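Engineer: Attaching a predicted model along with its sequence, questions to come.
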Amino acid sequence: MEILVFLVPLALMLGLAGLAAFLWSLRSGQYDDLDGAAWRAIADDEPPPQELSAKR
């Protein structure tokens, strides 16, 4: 039971750190353009190379 003296404050500190990280990400604009990031992830950067017309 005395381990709870360490685990409960540790859990509270980790929870507060996670909340602080989430609030920081909201304030820094991480969630402003979700659609743009999704389209950039699947968009092709360059066209595929042309295949040779005569296959051997």
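Structural biologist: Thanks, I have it. Numbering: from 1, shown residues only.

Engineer: Which helix or strand contains Glu2?
Structural biologist: Using DSSP states H and E, Glu2 maps to neither a helix nor a strand.

Engineer: State the distance from it to Val8.
Structural biologist: 11 Å (C-beta to C-beta, to the nearest Å). In this view, the C-beta of every residue, glycine as well, is placed from N, C-alpha and C.

Engineer: Now do the residue nearest in space to the middle of the chain, the pLDDT please.
Structural biologist: The centroid of the chain falls nearest to Gln30 when counting by C-alpha atoms, centre = their mean (9.1 Å). With respect to pLDDT, Gln30 scores 87.

Engineer: what comes up buried for the helix or strand harbouring Leu23?
Structural biologist: Using DSSP H and E, Leu23 sits in helix 4-27. Of the residues in helix 4-27, none count as buried by neighbour count, 16 or more other C-beta atoms under 10 Å.

Engineer: could I have that helix exported to PDB, CA atoms only?
Structural biologist: Taking C-alpha atoms only, helix 4-27 is exported to PDB below (Å, rounded to 0.1, in the frame of the first residue of the first chain):
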ATOM      1  CA  LEU A   4       0.600   4.300  -3.800                       C
ATOM      2  CA  VAL A   5       2.300   7.200  -2.100                       C
ATOM      3  CA  PHE A   6       4.700   7.200  -5.100                       C
ATOM      4  CA  LEU A   7       2.300   6.000  -7.900                       C
ATOM      5  CA  VAL A   8      -0.600   8.500  -7.400                       C
ATOM      6  CA  PRO A   9       1.600  11.600  -7.500                       C
ATOM      7  CA  LEU A  10       3.500  10.200 -10.500                       C
ATOM      8  CA  ALA A  11       0.300   9.500 -12.400                       C
ATOM      9  CA  LEU A  12      -1.000  13.000 -11.600                       C
ATOM     10  CA  MET A  13       2.300  14.500 -12.800                       C
ATOM     11  CA  LEU A  14       2.200  12.500 -16.100                       C
ATOM     12  CA  GLY A  15      -1.400  13.400 -16.600                       C
ATOM     13  CA  LEU A  16      -0.600  17.100 -16.100                       C
ATOM     14  CA  ALA A  17       2.400  16.900 -18.500                       C
ATOM     15  CA  GLY A  18       0.100  15.300 -21.100                       C
ATOM     16  CA  LEU A  19      -2.500  18.000 -20.700                       C
ATOM     17  CA  ALA A  20       0.200  20.700 -20.900                       C
ATOM     18  CA  ALA A  21       1.600  19.200 -24.100                       C
ATOM     19  CA  PHE A  22      -1.900  19.100 -25.600                       C
ATOM     20  CA  LEU A  23      -2.600  22.700 -24.700                       C
ATOM     21  CA  TRP A  24       0.800  23.800 -26.100                       C
ATOM     22  CA  SER A  25      -0.100  22.000 -29.400                       C
ATOM     23  CA  LEU A  26      -3.400  23.800 -29.500                       C
ATOM     24  CA  ARG A  27      -1.800  27.200 -29.000                       C
END
